[in-house]
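>>> structure for the following, please:
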Amino acid sequence: MQKKRILVVDDEPNIRLLLIRMLSNDYTILEATDGQEAIDLARDLKPDLILMDLLMPRMDGYTACSVIKTDPTTRGIPVVMLTAVGFELNKQLAERVGASGYITKPFALSDIIKTISPLFSVS
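All right, here's what the predicted structure looks like:
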């Protein structure tokens with residue numbers, strides 16, 4: 001059986017590396033460093049799920065999520081925000097632009113698995 005593909009979008013190389021180490025046994029991990037790159041890769045590679053930071057250069061996670069969720073070719077891809085910003089208003093905004101989940105840094109593998117596992121069954 002082919003592994004599900006997760007696109008990890010974060011401008012911090014250490015966060016991407018940590019997620020690769022945590023998830024690569026069970027998932028194929030793709031990487032992007034900003035929102036625009038995430039949109040381009042989502043359109044080209046159609047990952048099964050996207051884990052996206054909010055605060056990034058060039059294009060932030062809110063904007064990228066909104067574009068991904070309004071594009072007919074990518075709108076079915078679940079997007080989970082993975083960010084250090086834990087304010088309730090930010091969570092609500094993430095939901096409004098189409099995010100399927102919200103995980104606050106620092107995170108544990110169990111937080112990620114608990115959030116993303118149900119999303120694979122609906123994607």
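>>> tell me where this structure has strands.
Secondary structure of the chain (DSSP state E): strands at 4-9, 27-32, 49-52, 79-83, 101-104.
>>> could you dump those strands to TSV with distance to R21?
Heads up, the C-betas are built off the backbone N, CA and C, glycines and all. Putting the strands of the chain into TSV (distance: least, Cβ to Cβ, whole Å) gives the following:
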stretch	distance to R21
strand 4-9	11
strand 27-32	9
strand 49-52	14
strand 79-83	15
strand 101-104	16
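>>> of all these, which one is nearest P118?
strand 101-104 (8.9 Å; Cβ to Cβ).
>>> quick one: that closest one to chain centroid distance?
9 Å (Cα atoms, centre = their mean, to the nearest Å).
>>> buried set for that strand?
Burial within strand 101-104, assessed by neighbour count using 16 or more other Cβ atoms under 10 Å, is assigned to 101-103.
>>> reformat those as TSV; add pLDDT.
Shown next, in TSV, are these (pLDDT from 0 to 100):
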residue	pLDDT
G101	94
Y102	94
I103	94
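>>> where does this protein dip in pLDDT?
121-123 (pLDDT under 70).
>>> beta partners for the most centrally placed residue in the chain?
In the chain, the residue lying closest to the centroid (Cα atoms, centre = their mean) is L51, at 1.7 Å. Listed by DSSP bridges, the beta-bridge partners for L51 are V8, V80.
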